[in-house]
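Asks: Pasting the sequence and the predicted coordinates here, then a few questions.
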Amino acid sequence: MIADSEMPTRLRDRSVVLFDFDGTLADTGGAVMRTARAVLRARGIEPTDADLRKLLGPPLVSGFERAFGVTHDTALSLTQEYRELFDKTVTPSDFPPIDDVPFLLDRLTLAGRRMSIATSRKESGARSMVDQLGWTDRFECVMGLNEPVRLTKADSIRDALEYMGVDAADVVMVGDRLNDIEGAHACGVPCIGVYTGAAQLGEHDAADVSCGSMLEVARVLGVA
């Protein structure tokens, strides 16, 4: 599925790899949908699976607004209720690593590549999940939403670059949704779109390279 014959060669020279978390490193889709369904049902809303899948990827507040047509204030309260329930009920068995992610992280580490996470998940929750997976030492930083100073994927990417002290020219992003691609491009960073999460076919048309698995990502990055 690798879509560009020249771009992969250029990406191999980039010393820093930023990863999205949900659907890219960890399979969180089932836990996200189950938790959101419970919160919505408590409000008298019976969501369809198709609507719930719209929550996979973008920040939750905007996801609730777009998928269910609720007001901003209602989306904020739904997000708070969701986060509280998620933290109480979800365990590491609910968000296992995506296939071939451990291999990819091992190979990138051996190659001396620097790695961080830039996510649309709330930062404190993302840090906790990364720690529960035993990955804290793998990544230089985990940047996530931190209202009101960090609200978008682009904000997380931008702050990760600043924290690491690197230029966009040294970095490549790996993500599974369109908002990963758009956020990376807003920061001048190329993005590898990988069909491991909830993306629809064609969603990665705007990506610099499109891959069907993390093993393909490893090949694009020159570590497999």
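Replies: Thanks, I have the structure now. Numbering: from 1, shown residues only.
Asks: C-alpha from now on. contacts and neighbour counts both.
Replies: Will do.
Asks: could you say what helices and strands the strand ranked longest in the chain packs with?
Replies: If you go by DSSP state E, the chain has its longest strand at strand 114-122. Where contact means 3 or more C-alpha pairs under 8 Å, 6 or more residues apart in numbering; DSSP states H and E, strand 114-122 is packed against strand 16-19, strand 142-145, helix 153-164.
Asks: So what touches it?
Replies: With C-alpha atoms under 8 Å, 6 or more residues apart in numbering as the test, strand 114-122 has contacts from 15-22, 57-60, 108, 126, 138-146, 151-153, 156-157, 160.
Asks: Whichever of the residues you listed end up buried, select them in ChimeraX.
Replies: Typed into ChimeraX, the line below selects the buried ones among these, using 16 or more other C-alpha atoms under 10 Å:
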select :15,16,17,18,19,20,21,22,57,58,59,60,108,126,138,139,141,142,143,144,145,146,151,152,153,156,157,160
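Asks: picking up where we left off before, okay if I get the helices and strands packed on strand 114-122 as a markdown table plus mean pLDDT and distance to G112?
Replies: Converted to a markdown table, those look like this (pLDDT from 0 to 100; distance: least, C-alpha to C-alpha, whole Å):
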| stretch | mean pLDDT | distance to G112 |
| --- | --- | --- |
| strand 16-19 | 99 | 9 |
| strand 142-145 | 96 | 18 |
| helix 153-164 | 98 | 15 |
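Asks: so can I have a markdown table of these showing distance to S120?
Replies: Below are the helices and strands packed on strand 114-122 laid out as a markdown table (distance: least, C-alpha to C-alpha, whole Å):
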| stretch | distance to S120 |
| --- | --- |
| strand 16-19 | 11 |
| strand 142-145 | 6 |
| helix 153-164 | 5 |
